[in-house]
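Q: Sequence first, predicted coordinates after that:
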Amino acid sequence: MHGMARYGLELLRAMLDQGGEDLGFGVLVRDRQAAGLLPNDPRVLAMVCNFAPYGLLSQLLLPKVLYQFRAEFYHCTFYAPPVRFRGRILVTIHDLIHLRFPQDHGLKHRLFYRWAAGPAARKAAAVFTVSQHSKRDIVELLGVEPRRVVVTPNGVGPAFRPLEPEQRAGAAASLGLPESFILGVGNPKPHKNLAALVQAHRLLRERLGAPPPPLVLVGVKPGALGGLQSGPGLRLLPHLDDAGLAAAYGLATAVVIPSLYEGFGLPALEALACGAPLIASDRASLPEVVGQAGLLCPPEPEAQAQALEGLLNDPARRAALAQAGPVQAARFSWAEAARSTLQTYRRVLDGPWP
């Protein structure tokens, strides 16, 4: 449960916590198993739609589903709202990576933004996004009026908090993690830049003159990142649930988020909430999320290796960052995102807005 799916579910939960009895949600899901993830609340109705959220089939079938439901509006929490739907639409656009990095995503994505996502965003009653950086991209690349773009940053789930001292030994053993390690979280997509982190880890060995703490990458299958395989200095973990991921953050000697582009940067926020000493790229939205609670550096391997060397050799700095992280993370909450989202819903329902 990452990215847009995480956003939709956490936002729904938080809006239910804040909303009154006049609030009701019809939630589109792919199958009955997915419906089981939804909150058990009488205000929530699961609607099973057995088609993918992206592509031509969704564009053809989704308007029919929405007309039958007769909702006051449709909030599309990902970037593919149905262009042919004539009802009121609100849309969340998390990032415009397909347009900022077209070489990594191909012609079909650019065409989709040109013929579907872009026109839908321009006619939407409101466009939500998760950072000021993404808002600037939406205004520049999609031509949406700035006043109709509402920034509602992501929050962090309750699983992500610092480990208690008595939890540490048991958590490391249960995950099979070493006593000291450097953690990276992401996926093999080029903009996540994890290949550069692997190279930085190799450079770190040269800088230290000795083997550094092993590098653990979460979200990467063996062979998926340039053929990399797990070995003595590298551990690949394709998946961790929230509890396991929170424990990994809390145990890590340092966490590195080297992304070239993020619409928000939820792994960085999760790491801060868990009290992990954090190094993050100084690109896109990451400085908004990290603030002064982590080290920001260029995403190139040499810069990452230099930042890691400094942090590994400075226990006091690591301790200070561990203290600052949860304070910074507390500035972001799903409750605040829900409050702003519900406020926008009601403004839209009251009449033309803005």
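A: Structure received.

Q: Name the helix or strand for the residue lying closest to Pro146 once chain neighbours are set aside, please.
A: Nearest residue to Pro146 in three dimensions, chain neighbours excluded: Val139, at 5.1 Å (Cβ to Cβ, 6 or more residues apart in numbering). The C-beta positions use only the backbone N, C-alpha and C, and glycine is treated the same way. Using DSSP states H and E, Val139 sits within helix 132-142.

Q: Return the set of buried residues in that helix.
A: Using 16 or more other Cβ atoms under 10 Å as the test for burial, helix 132-142 gives His133, Ser134, Lys135, Asp137, Ile138, Val139, Leu141, Leu142.

Q: Go ahead and name everything in contact with it.
A: Residues from elsewhere that reach helix 132-142 (Cβ atoms under 8 Å, 6 or more residues apart in numbering): 93-96, 99-100, 113, 117-118, 121-122, 127, 129, 144-146, 149, 151, 263-264, 284-285, 288.

Q: which helices and strands does the next helix or strand after that helix pack with?
A: Following helix 132-142 in sequence order, the next helix or strand is strand 149-151 (DSSP H and E). Applying 3 or more Cβ pairs under 8 Å, 6 or more residues apart in numbering; DSSP states H and E, one finds that strand 149-151 makes contact with strand 126-129, helix 132-142, helix 334-350.

Q: and strand 149-151, which strands flank it?
A: Counting by DSSP bridges, the strands paired with strand 149-151 are strand 126-129 (parallel).

Q: which residues are contacting the partner strand?
A: Contacts of strand 126-129 (Cβ under 8 Å, 6+ apart): 90-94, 121, 135, 138, 144, 148-152, 263, 341, 344, 348, 353.

Q: Buried among those? Need that as a selection in ChimeraX.
A: Typed into ChimeraX, the line below selects the buried ones among the contacts of strand 126-129, using 16+ other Cβ under 10 Å:
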select :90,91,92,93,94,121,135,138,144,148,149,150,152,263,341,344,348
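
Q: Name the SS class of Val256, please.
A: strand (DSSP: H, G, I helix; E, B strand; the rest coil).

Q: who touches it in this structure?
A: Counted by Cβ under 8 Å, 6+ apart, Val256 has contacts Ile182, Leu183, Gly184, Leu197, Ala200, Leu278, Ile279, Ala280, Gln304, Leu308.

Q: quick one: which of the residues you listed is nearest Gly36?
A: Of all the contacts of Val256, Gly36 sits closest to Leu183, with 30.4 Å by Cβ to Cβ.
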